[in-house]
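1. just coords:
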DNA sequence: ACCTCACTACGTACGCTGTACGTAACTAAC
DNA sequence: GTTAGTTACGTACAGCGTACGTAGTGAGGT
């Protein structure tokens, strides 16, 4: 046959182990764990192909046998941390609302452990094995909700999206500061000083009032729960 | 005086024009427009410092007089497209719900015009002049809502976050395919073939049922409106 | 048992990135 | 007129993703 044209591939469609030749020295789980370790420690930009290969103890280009493109490395990483969900999230039989709450809280915890997650998730395929397992579990938990599957998928998407947005807002400053040479306090101080200056100029009266009133009462966990509850209310 | 240590800076805190020396050849608006033009045409990764400088017609390092760090270029870009909001979004006096709906639709339109927007927004400071103008307008529109400012800020954040999530899900595949050498049809075909194979394996019965049922009725615009309406319901 | 060939391993190299640094020209302020 | 800060920009460096070529390995087919 004539040579096939290069084809787009989802890494999950490739078998992890080929039939012929020497057995691979590393598993996808090994590679994902190494990359996650690096990204957790030094940020997502530090998880380069060279660095991950070094962490594994192999040459840079050897990694390309396992991970054809950089994007696939991200895919592996997201799948790995998606495996951190403990399913079911709450006590069985407590209803879809409690279960989705519990899962949302887990998502937040996972993102706190891996702050680089939101940044790379928006680019990816999103149907890795652990993502499918998670999705399947959610749909199962929503069996008690009388709605078409389309609505259930919407609900799941909205919960995940809202949690992500919430966490991004919650930790944007800390994450940004961590990758910079100066300290977090300096960073926040300068940024807040600018904001305060703008608002003090009188051009933004509503915003000024909002800032003087301060944040809504309750600690961060309560705020998060309230947000998620409100969202679930809209589907009940 | 002893030399000051390098300080973190928000680009908006720098005066656009310095008191001394020759007058700058380009404005921030010029630079932002050039970068947006490039990103719209060839994707966000094409908006490199070299490429933007070339588009402007100056040397690469000259750009660093205006934009001290790459991140600040993104800040300029987000501010520029934030200026595309037409405020107010709907007819005056139609109430906060209608106004937030109109603004949400505008956000969606802006993100459709600039698909790179979600990817860079999660990293940024977020209080550019046009962002402040937008926020101030939202708070004004919400004057009729009887709630503390904290809740109003929550509402604005949730609306923006949800719209972003929705648009990302809506266009992720198209955007991803655009940056790859093969066509979008091929891309989607291979990805869907994999997913179908997984589901056909029988390991995901709920997901299989969801896929056979197909998407919820209604076109994309109606789906979007329904999502946003649901969210606003939860605050009413 | 042997041949064959897919697969693993990995060094080299290319074009790209952000940006530190040095130098020269310019001009507003003193 | 002098001075000092700004603009302009070429050079250079470290790091990136990855195409390509080569050598070695070991399971499958005969």
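-> Right, received. Where do you want to start? Just so we're clear, the structure is a prediction, and the values are computed from it rather than from any experiment.
2. hey, let's count contacts and neighbours off CA atoms from now on
-> Noted.
3. Might you report the residue contacts of residue A:132?
-> The contact partners of residue A:132, by CA atoms under 8 Å, 6 or more residues apart in numbering or on different chains, come to residue B:204.
4. Toward the C-terminus, what is the element adjacent to the helix or strand encompassing it?
-> When secondary structure is defined using DSSP states H and E, the element that contains residue A:132 is helix A:129-141. Using DSSP H and E, the helix or strand that follows helix A:129-141 towards the C-terminus is helix A:149-178.
5. Enumerate every residue touching the most centrally placed residue in chain A.
-> Centroid-nearest residue in chain A: residue A:117, 3.4 Å away (criterion: CA atoms, centre = their mean). Counting by CA under 8 Å, 6+ apart, residue A:117 touches A:78, A:111.
6. how close does the closest residue to residue A:142 other than its chain neighbours sit to DNA strand D?
-> Nearest-residue entry for residue A:142: residue A:96, 5.3 Å, with adjacent residues in sequence omitted and distances by CA to CA, 6 or more residues apart in numbering or on different chains. Counting by CA to the nearest atom of the strand, to the nearest Å, the gap between residue A:96 and DNA strand D amounts to 40 Å.
7. Ok, residue A:154 next?
-> When CA to the nearest atom of the strand is the yardstick, residue A:154 and DNA strand D sit 32 Å from each other.
8. Just want the angle from the helix or strand where residue A:107 lies to helix A:149-178.
-> Assigned by DSSP H and E, residue A:107 belongs to helix A:95-113. For the pair helix A:95-113 and helix A:149-178, the angle between their directions (axes from the mean of the first three to the mean of the last three CA atoms, to 10 degrees) equals 20 degrees.
9. okay but residue A:97 is in contact with residue A:232, surely?
-> Yes: the pair formed by residue A:97 and residue A:232 meets the contact definition of CA atoms under 8 Å, at 7.0 Å.
10. neighbour-wise, which of the two wins?
-> When residue A:97 and residue A:232 are compared on other CA atoms under 10 Å in any protein chain shown, the one with more neighbours turns out to be residue A:232, at 21 against 18.
11. Now for the more buried one: which residues touch it?
-> Contacts for residue A:232 were tallied using CA under 8 Å, 6+ apart; they are A:97, A:155.
12. Need the pLDDT of it.
-> According to the predicted model, the pLDDT of residue A:232 comes to 93.
13. Could you check which helix or strand contains the nearest residue to residue A:139 once chain neighbours are set aside?
-> With CA to CA, 6+ apart as the measure, residue B:206 is the residue that lies nearest to residue A:139, at 6.0 Å, once sequence neighbours are left out. Per DSSP H and E: residue B:206 is located in helix B:205-213.
14. which residues of chain A score low on pLDDT?
-> Under the criterion pLDDT under 70, the flagged ranges of chain A are A:1-8, A:172-190, A:215.
15. The same query, at a cut-off of 50, please.
-> Regions of chain A meeting the criterion pLDDT under 50 cover residues A:1-6, A:173, A:175-181.
16. That one against DNA strand D: which residues are in contact?
-> For chain A, the residues found near DNA strand D under the criterion CA under 7 Å from any atom of the strand are A:19-23, A:46-51, A:60-61, A:68-71.
17. swap the cut-off to 10 Å and go again
-> A:18-24, A:44-53, A:59-65, A:67-74 (CA under 10 Å from any atom of the strand).
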